[in-house]
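> With the input below, show me the fold.
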Amino acid sequence: MTTMHLNEKSDSKRGEDEKCDTNLDQDEMEEEVDPLCCFICDLKHKSTEKCMVHLHKKHGLFIPDIEYLKDPEGLLTCLGQKCHPFLSLEAVRHHIIAKGHCKVHYGDGGSDEEGELEDFYDYTNSYVDADGKQLVVADDINDIDFGAGGSELIITTRLDGKIHVKILGHREFMRYYRQKPRPSPSSDIVMALLLASRNKRMDLAMVQPKEHKLKMKSLKQMNRSGVDAMHSKIGMRNNVMRKLPKKY
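From the prediction side, this is the model:
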């Protein structure tokens, strides 16, 4: 009985030790997850943005609602921890690549799975009222408004007694924002020269129609005189033909 009791104790102790070792291994694996390292191919990147671009281009892993993502490092760490607890990390990698399962299950109606990822997102920028204006906190130091028919977002920031205005435009009008128009003149001399040249162009525009009318009138007279001369020439030829003796 004593021997059996000791064996049971040793077995239970061995089981507890193995459980502790397993927990330690899992903790070590969780600590070893690097958000800058691709959890599919172990490729190291310099930033989380480059890592997410690599995941999308190389493995087809699309991060949903990336414009509202406030904690990219936390999200990549969470995704890496989802893969590590399996028996073989390589098996998981080969499976998701072969089956085309490189996706984040978010926004598909799974409330439990979406709840795990809500901490990494911030959707306050998408809250608008019935008029389409963005809802912000009452004591917020930033004023946000829409301009140009709702295609521009005007952000006014008050910091250290100074007012900074930033305008964010829609990507549809990117080609117009990339244009660099000539800056408007501010000096009085330049403005005076511009006004003088503009007035000169207006004078030319008024003079040109008069010259054009005179030219057209002279052309009409020339054409008329030419037609009259042609008529007189034809009439003289007809008279000569009538006076000639007829042959029978």
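
> Only C-alpha atoms from now on, for both contacts and neighbour counts.
OK.

> Only alpha carbons, please: show the one helix or strand Leu153 maps to as PDB.
Here Leu153 is covered by strand 152-159, with elements defined by DSSP states H and E. Output for strand 152-159, consisting of C-alpha atoms alone and laid out as PDB, is shown next (Å, rounded to 0.1, in the frame of the first residue of the first chain):
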ATOM      1  CA  GLU A 152     -13.300  67.100 -47.700                       C
ATOM      2  CA  LEU A 153     -12.700  66.700 -44.000                       C
ATOM      3  CA  ILE A 154     -11.500  69.900 -42.300                       C
ATOM      4  CA  ILE A 155      -9.800  69.300 -39.000                       C
ATOM      5  CA  THR A 156      -9.000  72.400 -36.800                       C
ATOM      6  CA  THR A 157      -6.600  71.800 -33.900                       C
ATOM      7  CA  ARG A 158      -5.900  74.300 -31.100                       C
ATOM      8  CA  LEU A 159      -2.600  73.800 -29.500                       C
END
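
> Return the list of helices and strands in contact with the following helix or strand past that strand.
Secondary structure here is assigned by DSSP H and E; on that basis, the next helix or strand after strand 152-159 toward the C-terminus is strand 162-169. Packing contacts for strand 162-169, counted by 3 or more Cα pairs under 8 Å, 6 or more residues apart in numbering; DSSP states H and E, involve strand 152-159.

> tell me the angle of the strand it packs on relative to strand 162-169?
Computed with axes from the mean of the first three to the mean of the last three Cα atoms, to 10 degrees, the direction of strand 152-159 lies at 160 degrees from that of strand 162-169.

> Give me the helices and strands touching strand 152-159, please.
Other elements packing on strand 152-159 under the criterion 3+ Cα pairs under 8 Å, 6+ apart are strand 142-147, strand 162-169.

> Give me the sheet partners of it and which way each runs.
Paired neighbours of strand 152-159 in the sheet (DSSP bridges): strand 142-147 (antiparallel), strand 162-169 (antiparallel).

> got the buried residues for it?
Within strand 152-159, the residues that qualify as buried are 152-154, 156-157, counting by 16 or more other Cα atoms under 10 Å.

> before we move on, the earlier item: and among the strands paired with strand 152-159, the most buried is which?
When you average the neighbours per residue for each of the strands paired with strand 152-159 (mean count of other Cα atoms under 10 Å), strand 142-147 leads with a mean of 16.

> average pLDDT for that strand?
The average pLDDT for strand 142-147 rounds to 68.

> likewise stretch 151-161?
Summarised as a single mean, pLDDT over stretch 151-161 is 76.

> mind giving me the domain ranges of this structure?
The chain breaks down into these domains under automatic domain parsing: 33-120, 129-177, 190-243.

> can you put the helices and strands packed on strand 152-159 in CSV and add distance to Ser232?
Compiled in CSV, the helices and strands packed on strand 152-159 are given as follows (distance: least, Cα to Cα, whole Å):
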stretch, distance to Ser232
strand 142-147, 75
strand 162-169, 75
